[in-house]
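Asker: one predicted model, sequence on top.
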Amino acid sequence: MTRAARPLRPERPWSVPVRAAEVPQTGRHFNLVADETVRAAVAKLADVRALPHLEAAFDVAALGRDGLHVVGRVLARVGQVCGVTLEPIESQVDEAVDLVFSPSAKTDLIADDDKEVEVTADDAPELFTDGVVDLGALATEFLILGIDPYPRKPEAVFEPPLAADEAVRPFAALAAFKKGEGQR
């Protein structure tokens with residue numbers, strides 16, 4: 001199922017809310033494709049040069065009485081600036097999503113197809129309010145997590161500048177100080 005995004009808000013530029021009550025026991029599939037306006041707003045939020053492509057595919061299934069299980073992928077092409085050459089580059093983001101949502105912070109047991117599964121604090125379900133999971137916000141979060149904070153062109157190699165003068169070296173002042181102490 002493809003859903004239209006809601007109007008943009010700066011803190012949540014891509015919003016596609018899904019109510020737990022709308023998800024049948026057999027689950028529901030969502031294909032989300034961000035339009036140009038949404039991509040521009042998400043690019044600004046993610047602090048990247050451009051976002052020419054952003055899409056997400058999610059399978060949402062009911063989990064227990066009031067929980068949801070969201071599995072899917074977020075795919076994007078991200079325009080960034082190479083951290084070495086400062087030239088524009090494009091990188092790919094492909095992030096897997098596998099989250100459990102629950103309306104409460106209960107972390108001891110979750111029912112899954114008539115069996116109980118122990119959940120540790122590290123695997124605690126994500127909380128959601130009023131039975132709504134925002135798939136657009138989820139896709140935006142995973143996109144931002146998948147962006148390389150230090151992008152580099154494949155052939156780019158950082159070479160530190162060579163110090164021609166011994167006095168220009170980073171610890172030259174410390175070495176001079178130590179030499180002066182030894183002469184006392």
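Answerer: Yep, it's here.
Asker: how about the strands of this protein, start to end?
Answerer: Secondary structure of the chain (DSSP state E): strands at 17-19, 28-33, 50-63, 67-81, 88-102, 109-112, 115-118, 126-127, 132-134.
Asker: the first one pairs with which strands, and in what direction?
Answerer: When you say that, I think you mean strand 17-19. In the sheet, strand 17-19 lines up against strand 132-134 (antiparallel) (DSSP bridges).
Asker: need the residues that contact the strand it pairs with.
Answerer: If you take CB atoms under 8 Å, 6 or more residues apart in numbering as the criterion, strand 132-134 is touched by R12, S15, V16, P17, V18, R19, A20, V60, L68, V70, F101. C-beta here means a position set from N, CA and C on the backbone, and glycine is covered the same way.
Asker: 7 Å instead?
Answerer: S15, V16, P17, V18, R19, L68, V70, F101 (CB atoms under 7 Å, 6 or more residues apart in numbering).
Asker: and which of these is nearest T26?
Answerer: Using CB to CB, L68 is the member of those that sits closest to T26, with 13.4 Å.
Asker: who's in contact with the closest residue to that closest one other than its chain neighbours?
Answerer: Excluding its sequence neighbours, the residue lying closest to L68 (CB to CB, 6 or more residues apart in numbering) is F101, at 4.5 Å. With contact set as CB under 7 Å, 6+ apart, F101 has these partners: G67, L68, V70, P125, E126, F128, V133.
Asker: coming back round to it: which of the contacts of strand 132-134 are buried?
Answerer: Using 16 or more other CB atoms under 10 Å as the burial test, those include S15, V16, V18, L68, V70, F101 as buried.
Asker: could you dump those residues into JSON lines with pLDDT added?
Answerer: As requested, these are exported to JSON lines (pLDDT from 0 to 100):
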{"residue": "S15", "pLDDT": "93"}
{"residue": "V16", "pLDDT": "94"}
{"residue": "V18", "pLDDT": "94"}
{"residue": "L68", "pLDDT": "92"}
{"residue": "V70", "pLDDT": "95"}
{"residue": "F101", "pLDDT": "91"}
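Asker: helix or strand with the lowest mean pLDDT in this protein?
Answerer: strand 109-112 (a mean of 49; mean pLDDT, DSSP states H and E).
Asker: quick one: pLDDT of the closest residue to G131 other than its chain neighbours?
Answerer: Closest residue in space to G131, ignoring its immediate chain neighbours: A20 at 4.1 Å, by CB to CB, 6+ apart. Per-residue pLDDT puts A20 at 91.
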